[in-house]
Every structure is written in structure tokens, then in C-alpha cells.
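Chemist: Need coordinates for the below:
(2 chains)
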Amino acid sequence: MLPTTFPALTTIIPMAILLFRFANWLALLLLLGACVQPYEPTILRSTKPLLVVDGFINGSGITAIRLTRSLKLEEQTGFPPETGALLRIEAASGQQYKLRETMAGTYESAALVLPAGQRYRLHITTRARREYASDFTLLKSTPPLDAFRAQVEPSGVQLYLSTHDDTGSSQYYRWQYEETWEFTSAHDSRWRYLGNKQMVRRKENIYRCWRTESAANIKTFSTLRLQQDAVRDYRLLFVPATAIRLRYRYSIIVHQYALAREEFDYWEAVKKNTDNLGTLFDPLPSQIQGNVHALADESEPVLGFVGAATVREQRLFINRAQLPFEWQFVDDIYRTCVDVDTFPSARYKPSDWTYDEMFGDSVARMPVARIGPGETYTGQTQACVDCRLHGSNVSPSFW
Amino acid sequence: MTNYLAACFFVLLMGGTFRSQAQNAPSPLVTGTYQRLPLAQFFEQLAAATDYRFFYDPAAVDSLNVSVQAQGEPLGQVLRRALQGTALQFSVDSSRHRQVFITRGPAISTRLAAGFFQAEATEAGSQESRQVRLLPEGASGRDEDGRNAISSTTKVYNIGQGSASEQATLAGRVREAATGAPVVGANVFVEALNLGTSTAADGSYTLTLPTGRHEVRVRGIGVKATKRQVLLRSNGRLDIETQDDITTLQEVLIRAERAKNVTSTQMGVDKLDIKTMRQVPTAFGEVDILRVVMTLPGVKTVGEGNTGLNVRGGATDQNLILFNGATIYNPSHLFGFFSAFNPDVVRSVELYKGAIPARYGGRLSSVLDIQGRPGDAQKYHFSGGVGPLTSRLTLEGPIVKNKGSFIVGGRSSYSNWLLHLLPNEVYKQSSASFSDLSGQIDYEFDKHNSLSVTAYYSTDKFQLGRDTAYHYVNRAATAKWQHVFNPKLSGTLTAANSFYRYDITSQRDPSTASQLTYAIDHYEGRADFSYLPTNKHNVEFGVSSVLYHVAPGGLEPSGAESLIRTDVLEREQGLESAVYVSDRIDLTPRLSVSGGLRYSLYNALGPREVYRYLPGQAKTLSNLTDTVRYGAGKVLATYHGPEYRLSARYSLTEHSSVKASFNRTRQYIHMLSNTTAMSPTDIWKLSDGNVRPQVGDQYSLGYYHNFRNNAIETSVETYYKATRDFVDYKGGAVLLLNRHIETDIVNAVGRAYGVELLVRKLSGKINGWISYTYSRTLVQVNQGTPADKINGGRYYPSNFDKPHDFSLVGNYRFSRRISSSLNVAYSTGRPITLPLAKYYDAGATRVYYSERNAYRVPDYFRMDFGLNLEGSHKAKKLAHSSWTFGVYNLTGRQNPYSVYFRNTGGQIKGYQLSIFGQPIPTVVYNFKF
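Modeler: Sure, this is the predicted structure:
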């Protein structure tokens, strides 16, 4: 007799949460004597840059795969894109779909609708003619979200989501989200210095910007231990009441993926390596293998996991008016931008300073406003004035 | 050797006991050139060359040098020439004792006057030959019950009646005169003959001696050293009562243990008494047994917030931790910060890390035998202590005076207040508490039968906010019946039960509110016997059996809204049985061997479902072929095998010896934990058809040398250990609620080797020990798929591989009331897995890790200081009290416990966590009524 059902390997989500909280708890208790300090390991054996495959096979839409190379820890440069590769999605049935390099290292397919219930893989041939392929995986059909809601709590906003799959075939879920918010710099600059004592009115907005951040956290959940394949009020994110993100308007989009068990295990392992480290009872970090392999050399480490699923998304907005009136937001970026310089003034006498010296270097000082009679301007550093340093001054399409 | 002289003379003056009828061997021949050699050294070299023992007064031979040359000359002739021109005389006793006496003045006759025994026989009168009796010399008769109260050390006791037999057995009990409590572990010995034994748990001893006159000495922990003059005619009994020794306890202890490290065949054993342990400063002032054990050579731990012991490269589950004979599965409180034994009810701790006696089994690396303290059988006492985290209270007293006693000790924490002081809502809703309770009842029915019952309970609870609550409980009970069949044979029958459980309750989200439980129940029965046919043999034998019941895990919903599906894993049962026999044989005075064989048999029992996998293939779900159901009591797997316990000692000189041992151990129960430290969610798993028992072999070799009259003990021990089939985990293994755990674990092979150096001084104003260990512990996982092989199947350092390890425990006694102690520890940092590269995936920078344990955290160093202030030492005052002040981590060094990497603002940054990163001062008040 063969057993009919097996719980998968890494499905004890409640347990993982318990352990994680337990670990946190310890760290807190240890306040009595414990302390955390920066640590820089000495001389690490360097490894060759490894191929990183970031993305998934999208069952209904554009499949976007990003190929990069890994960096040494101390390297400060961006991750080098792997350009000039040939990528294609292969179905087990033999059907192939090519991807096109749209940006350096980013490869996109056409908007596809892949037949569900089939097995797919990604095939890569790099510019150096080295071939890689992911394991064949069954295309999962992701159920839609039932609800994605925000609840105001005394100390912040809790975001909950719920979903379910009546067929019971999803079981493993992963969510990714991007947060977008509106913010303003410390001073609204209305003037622009052209040089040679010429001040003109500034046309573009560099005061009000929008910033988008994607989450580094890995959010996964399994319903395997539940009686139904249903996620109820999963705590996706908690935004503290002091977060500057909530000051004007805040938006978050969540992408929901149904996962195969192997992919779920992979993300759990990545999560263990990145999120849960640093306490006494942490599991040991491990060398994680994804599902992409070099065809010629099984032992070459390739990073990343290429799953196959359809995606469901939902966006949510939170306006200031929906939040308690008394909430105070802490602006970490512009906290130090309090005073403006005035020119000419008792402090900056025209006999000591010229316009060029005051406003010539826009990083050091940008004009903010014209005050009083005559050519008197206030100014502040670019960091306090130009919001584009922290976001985009173009409002997003969904705003 | 010299310390035997006084006793020797004393015996000789009292009449001498050396047997005259023994056959004399021809005088041995001596060859050698001795140039201007101090006499003492000359005798030592002669002793080494001839097998003869030399007795002399060091003061008499001091400053004398000797030059003599000999070429195959008889010993006597050589001595005559050597001692020419000195005032010294010698006599050679070439009977089987082979002794040489050097005296100033008249030479000693080594033979008894004719008719010596006949004269004694008429004095004693006619009695049954084996009657137990005592007769002070010159007394007109015996006491009513044949016992004597506190006896003079100079009276001569006639034992038995006249007999011409060569040997006779002297047996009896050593008790404290004041309380009547048995004196356990005291040495009873005849120094002149170098014969001795130690008292058993009921204070009894048996000594086989040549008939004749002896001085029997007694030395032990907490008692004043005493002696009895005995004229042994035939088998008989001598009960000895001792005086309490309140102030010189340290000194007495040392004397009791003196030279034991050199003379016993046992190697790789460390014994600590509670007094020694109390002196070692600890964090929060809690006297911590396990933490003191960690300062011994060969014992390590992964970090300071952890009571898991790694003995000679063994895992934390390879230690058999016994409290009064019952196995304790989780010996820690508060996540492992404290050990779960109340110091007030503990008498001593013995750690066997090398040659494990055959009576112990079931674990691979070590046995930590913690002995509780019996209560005072004379009067009632209260004692206790108040510290920053816990308070202790102990009550003891007689049940029936001099016959039975009880002791109950409890300890409870009040750490909640600390937590609630912190300015945070979450902490205010949190709690952490622990407590333990131990008790012991001893009752002596008669001289041959005694009963001891002990019980132990410890519990821990902690909760963060209103969220997850952890709770665990240890429970143990034992009943021991000791029976003395005759002076040569005694036995102990033990029944024990141990129980450990934990539960974790999560209430935060109604839809996932649940409770996870785990429990193990252990029933043990054993019979141990000790048989002493002659002085040259010390036989131990016995049988034991353990029945395990494990509830490996259950997850149940809590609350009506919970969607959690009940999932309870099937129970596991196992029966572990063993028979053993061991004998210590003194082949010659120099060579002594100890051989033991333990044969253990393990049956995994139904009812249970067992999965079958393709034979010879890695155990993965895809290789699963079948499920077999076994009924109740059906055996689903059997493992058995011999466990050898061999050791030998060869004495090089009186003060030095070499020992070697070989040891095999088998372990049928495994702790599953994939965290570096022991954690409360670790579970114990029984061997079954898919999980094989662990087997370990250890070879060790040691050299022992004592200096300054045994005041300073030194030793060098080396060992090599090979273990197989111990449990390691695949990456991302899930241990909780896993129905096919065998697919997530791998059988690892381990090897460990090291050198341990120990210098120990346990007497005097300055005492303590210094130990240094160099050791390596390596693991290999080379089976299964390439992904299963850890580090490509090569050996890698285990989590607790710390090659250099130094520790110093030093005490300085300013006066009887003020003493201080210093504790220094240094070790190589433990291995860790570090990130090698960073990469960008799924919206964040992530890290790619090195091979397992390829790097190390920075070295560890810590220094602690403690000061003990005792109240006055008036023996009769109402209450005794003492204060302990201490500073843990005096230098405030931030020893990294762990190193981790986190993504902060797109940058991977390394951090190190130190647990006690600053000096921690403490004050504890102790009292006794």
C-alpha cells in the first residue's frame, strides 16, 4: 500500500513563524546584556561571478527574465547584466517561445497565454555559448485575491490579504509587493539660477515626487496544514504610524503567485538565509541551489529559481484622510533641512559673496524663493530641495 | 612514597603485621652506576629497577648523596655499600610484599615473632568464626550491639578470632557521628599496603587484607580524616564514625582524591563537588553545574547562552545526563542560560568522557552523573539563597533519626519583573519564568537493606507579548534498593521514570491559532551488582532495560476560528536492553587492567506504520516503495552489538603512570535540531528501520604525574574518536511534524581527536585548575544525491570545532571567611558559514553562502571574578549565612555569539551578536538554619 498524501517538506508555516518570533523574543530579552555590532569578515575566498536568473515563466502575459552576475560582498558597483544571451521558453511538448533582450540583461517574451497543465522550462545560451536550463515545471494557475485591505491600528496600518482555491491545488503561495508613495522635499524651489546673476522661474516640479520600492522580504505561505486551501487575513505588511510614506498618499500593489512545492522550498530556504539570521536559534545558513543548471557541468552553481505560474495582482491606496488626524510622521530624509540661507543678508553680505558663489553650485545651494523687495533669494542644498534625488517627479500612471 | 613512611613506622611500632610464612623470593640483582645521586632519587630508581617498594623518612635521607656502582649484584649488597658511612640501616622484606625499610638506628625485623597468632587467639575467646565484632584492646568486653560510638583512634580493635588464614575481609560502614548519615565516597585504606577502597552510597566498604595489625584510615568529603588500629584475625566488621568537617572541607576532599588520578585505571573522568562549583563565578550569580563542567578540558559549548555540552567532539545529544540515576532530557532553564539543577540538593558531579564504565550506556560521548545530596538524618535544617533572578529554599531533616532522612529543595525565578520594567508594551505583556523542585528520601532498614527514593520536576514558561507561548517540563523519579548480600557482594535495584514534554501555543491570528506538542516518556529498570572476590578483582555486572514512548509531535487547532488541521504523528516505541560485566584486575602492583563488555540490544516496537524505500538508494519520497503497518508490540527493527570498555594503567613511579583505553558506545536515540544551539523545540527521535543507531569508538592514551606530595596533579590525555551514523541534516530540513523524517536527515561520519592538558591544585590557599585542549572535530556527509552531500562529501569542521581552548579556574582564600575566585576562558571562535557573494533576485540583494562551516567567528575570551564572604564559623550558631559578589565578563569583551548578514538599504552588512557584551555584576545571599 502506498501512502496517499504526504505533507510537503517545508510547509509548517505556523511553526516557522513561531520559531521566528521565539528568536526575536530572545534578542529582545538579551537587551539585559546583549549587543549587536558591525562585523566585517577578513579575507574571504572570492568566487567567480555566478549567473543569476531572476524571473518566472508567466502563463498569461509577458515573461521577463533578468540575467545578471553576482558580485563580491564589498563591491559597490551595480550588478553586471549578462547581455547578448539567447533565451527561450520550452514546453515539454516541444513548443518554443523566444525572448528578446529589451534592456541590457533583461529579456522579454511577447504577451503569451501558455496552455495550462503543461510543463515548461527556460533555456539560456549565453554569449559565451554556455547552455543553461531550468527544470521542467508544471504551470500553476494562481487563484485571484479575495481581499486586500488595510486596517488602521493604534500604532500603524496593518495590511491583510485573503485568497482561496476551491480546487485545493494551489496550496503554496508567494507574494511580492511594491510600495509607492507621494512625498515632498523640504523646500519648494520656485527659482532656477542660470548663472551670471540670472534668476528665472522654475517650470518643472522638483518639490513633489513619487517613490516606488519593491520589498526585499519574501512572503510565503502554505495552506497544507489547513482544512481548506484558503488564506485568511495573511499579514502582508505593517506600516508604522510614523512612516513618512503615509504622509500624503500611499499605494501598494501585491502580486500573488501559486508555487510548486520545490519552488516553495527554495523560497523558504532563501528566507532562512536572508530574513531570519542573527539570533541564537537560527537554523544554519545553507548554500542554496535553484532549479537552473549548466547543461555541461551539473556542479556549476547557478542562482535563482525559474517557476511557471500565472500572476494575480491587486492594488490598494491609503489617503491621509483615512488615517487618524493625530499621527505624526517622521521624515528621516529631510529632518535636518530646517533653515534656509538668505542672500543678500546680514550674514551673506553682497560685499563678501557673489551670486555665482552663492548659487553657482546647485549641489551646495539651490534658490528656493524670492523674498522681500528686490533680488533677495533664499536657498538650500540640493539634497533638501530636489525631490528627484529620492524619487521621480512624474506621477505614476495609476495615481 | 615518602608519605607512607609515618604510617609504616606506626604500624611497625604497634607490632608489625608482615607475614613471616610467605615464601621469600631470592634477592633481585641490581645493575647500574649511580653518581652523586640524592638518596631519595637513588631509592626511586632502585624501586623502578627492582619492583621493591622503599620506605624511609625523607628527613633522615635529606642532603645525603650516594655514589655506587653495581654489576648484577644482589639488592642487599648494593644497599649495604651505598649506605656505608651513614647512620642509616636497611632491611629487605623479600616476602611477596617486596619492601625495603630504611631506618635511622636499629634495622627493622621483617618477620613476626614465633607464636604471635597463637597468643592472640586465646585472648579473643571462642566465637563463631564469621561473627562481626569489635573489641577495643584492653577493654573488658564488647558494646551491647557490637558497635562502638565515636572511637579513639589509638585503641586497637580485634576483629574476628584467631585463624591462620592469610587473608581476611574487613567490612563495615562509615557514618557521620553527628547525623548518622552514611559517608559516601570516602576512601578507606591501609596506607602501608597501598590497599584501599571507597565507601558505597550507603557508606559501606569491604577491604580484604592480610591478617594482622593494620592502621585503617578514612578520608572523605566533609568529614575529618580519621583512623583505626585494627588487629585482623578473620573476617569481621568495623563500623567507623566520623566527625563533621565544616571548615577544612576543601582540604579533606583533596586528600580523598589524592593520587587517584595516577593510581586508578579510570581515565577521562572528572569529579567536582558542589563546594568547588559554588566558587566559580557565573552570570546572575546562579551556581551552574553544567557551566562549571564546561571549564574542564575536552568539554565545549557553541556559545555562552547554551548549556549543550560537546564532549570530545560529541554532539549535544551524545551525553547521558543523569540526576540521581534518572535521565534528564532537557537540562536547561530559560533557553539554556541556566542549568536546571538546584545546587543546594546536589552533592557531586562526575563526568566520564573517556573510558565510560560498562554500567553506563546509551550515549556516545559522555556520562554526566549528578548525585543528589541525602538529607540530614539528625536534625532539621533550612537553607536557601536570594539572587537577582531566582531564589532557592531547601528543607531537610530526619524521618526516623539515624535511619531515614528527607530533603526537598526548590528554586523559582522571578524574571518577569525585569521584563516588565522595560519601557515597551510588548515586554509588559511578556513573561518568562522557570522553577524546579527536587526531593530525596533515604531509609535504612538494616545493615543490609536501604532504600532511596528521589523525585525531580522542572518547568519553563515564556511568552512574548500575547503571541506565542512556550512551555516545557522535565519530570523524573527513581527508587533504589540497595542490598548487601555479604561483605563481598552487594547489589542495587533501580526503577526510574523520566518524562519530558513541551508545547508551543500560538494565539496571534485566529485562523492559525494552534498548539504544537511533543513528549517522551522513559521507563527504566536496572540491577547492578558489585562483587569483590579478592583484593585484586573488582567485578561489576548487571542488566538494564529502558522502554521509550515518544509522541513525536502533534499540531492541533485552538479556538473555534482556527483553520489548522489536526495533525498528530504516530507514537514511537522502543526497548533498549543491555547486560554488562566488568572486572578490574591488579595484575602486578604496577599494572592494573580493567575490562568491560556491555552488550546492548534495541527493538523498535509497534504499533506503527513504517515506510520502505528502495534498498541501496537515498531515502527520498521518490524512492518510497511501500508502507508497512506493524501491530502493537511487534518488532519493526532490531539492532544490537557489543560495547567494549577496556582500560589499563601502568605505574611508572609512585607519582606517575600511563593509561590507555578503548571504548565503544552505541546510541539508539537521537536529538533532532537544526539550530546551532540547543533550543526548546528540539525533539528526540528513536532509531527505527530507517534511522540507524550511532556507534562511536574512542581510543585514548594518557600520562599522569603528581607533584608536591600529590598536591599538584598534572595529566596529558590524547584521544581519537570515530563515530558513524550520527544524525546530520539536509539543507532546509524540516524536523517538526515530519512523517518521513528519514528523507530529511543523513547519516554522517565523524572523527575527532585532541590533546588535553590539565594542571590541578585542589588544596591550599591558592587552588584551582588550568586546562588547555587542542582538538578537532570533523564531519563528513557523503551519501545521497550531489545536492545532499555537504561540502561535496568532504570532511568539514563541526559547529563546535574550536581547536584551541584554554580555561583557568583559580581560587584564593584570604581567610576562612573571605575567598575570591577568578575564571578565565579563551577559545578559538566557532566555525560559521559566511556569504561569499551577493546577487539580485526577486526585488532584493541576496547572499550566496560559502560551504558549510568554512569560516570562524573571532576568538572568544572572558574573565569572571567572584568574592565569597562567609559568616562566622561557629558550629553551633543558629543561622549560617554567606554573601557572594561576582562580576561576569569583567573585561566587558563583546564575544561574538553569532555573526549574520542582513540586507540594509540594499547593502549586505555583517553584524555580530554578543550575549553578555558588558560586565554583569551580581549579589547573592545564602543562608542555612
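
Chemist: Excluding chain neighbours, give the residue nearest to A:Pro38 in space.
Modeler: Once flanking residues are discounted, A:Pro38 sits nearest to B:Tyr911: 6.1 Å by Cβ to Cβ, 6 or more residues apart in numbering or on different chains. Where you see a C-beta, it was placed from the backbone N, CA and C, and this is true even at glycine.

Chemist: Oh, that last question was meant for A:Pro80, not what I typed.
Modeler: In space, A:Pro80 is closest to A:Arg69, 4.8 Å off (Cβ to Cβ, 6+ apart).

Chemist: what sits against the one you found?
Modeler: Going by Cβ atoms under 8 Å, 6 or more residues apart in numbering or on different chains, A:Arg69 touches A:49-52, A:79-82, B:839.

Chemist: now, which of these lie within strands?
Modeler: Within the contacts of A:Arg69, residues falling in strands by DSSP state E are A:51-52, B:839.

Chemist: Can you tell me which of those is closest to B:Gln35?
Modeler: B:Tyr839 (76.6 Å; Cβ to Cβ).

Chemist: State the number of residues packed around that closest one.
Modeler: 22 (other Cβ atoms under 10 Å in any protein chain shown).

Chemist: Likewise for the one 3 residues further on?
Modeler: Applying other Cβ under 10 Å, we find 19 residues neighbouring B:Ala842.

Chemist: what is the mean pLDDT for stretch B:682-694?
Modeler: Per-region confidence: stretch B:682-694 scores 89 on mean pLDDT.

Chemist: so does that stretch get close to chain A?
Modeler: No. With Cβ under 8 Å from any Cβ of the partner chain as the measure, stretch B:682-694 is seen stopping short of chain A, the closest distance being 9.6 Å.

Chemist: how long is that stretch end to end?
Modeler: Start-to-end span of stretch B:682-694 (Cα to Cα, to the nearest Å) is 18 Å.

Chemist: Now do the buried residues in it.
Modeler: For stretch B:682-694, burial by neighbour count (16 or more other Cβ atoms under 10 Å in any protein chain shown) applies to B:682-694.

Chemist: For the contacts of A:Arg69, work out which two are farthest apart.
Modeler: Maximum distance among the contacts of A:Arg69 (Cβ to Cβ): 14.0 Å, for A:Leu50 and A:Pro81.

Chemist: And the pLDDT at the residue in the stretch 101-250 of chain A that chain B sits nearest to?
Modeler: Ranked by Cβ to the nearest Cβ, the top residue of the stretch 101-250 of chain A for proximity to chain B is A:Ala216, at 3.3 Å. For A:Ala216, the pLDDT comes out at 76.

Chemist: now the helices for chain A?
Modeler: A:13-29, A:261-274, A:355-359, A:382-385 (DSSP state H).

Chemist: Return the member of these having the minimum mean pLDDT.
Modeler: What stands lowest among those, in mean pLDDT terms, is helix A:13-29, with a mean of 43.

Chemist: Turn the ones in strands among the contacts of A:Arg69 into JSON lines, columns for pLDDT and distance to B:Thr33.
Modeler: Shown next, in JSON lines, are those (pLDDT from 0 to 100; distance: Cβ to Cβ, whole Å):
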{"residue": "A:Leu51", "pLDDT": "94", "distance to B:Thr33": "79"}
{"residue": "A:Val52", "pLDDT": "94", "distance to B:Thr33": "80"}
{"residue": "B:Tyr839", "pLDDT": "88", "distance to B:Thr33": "77"}
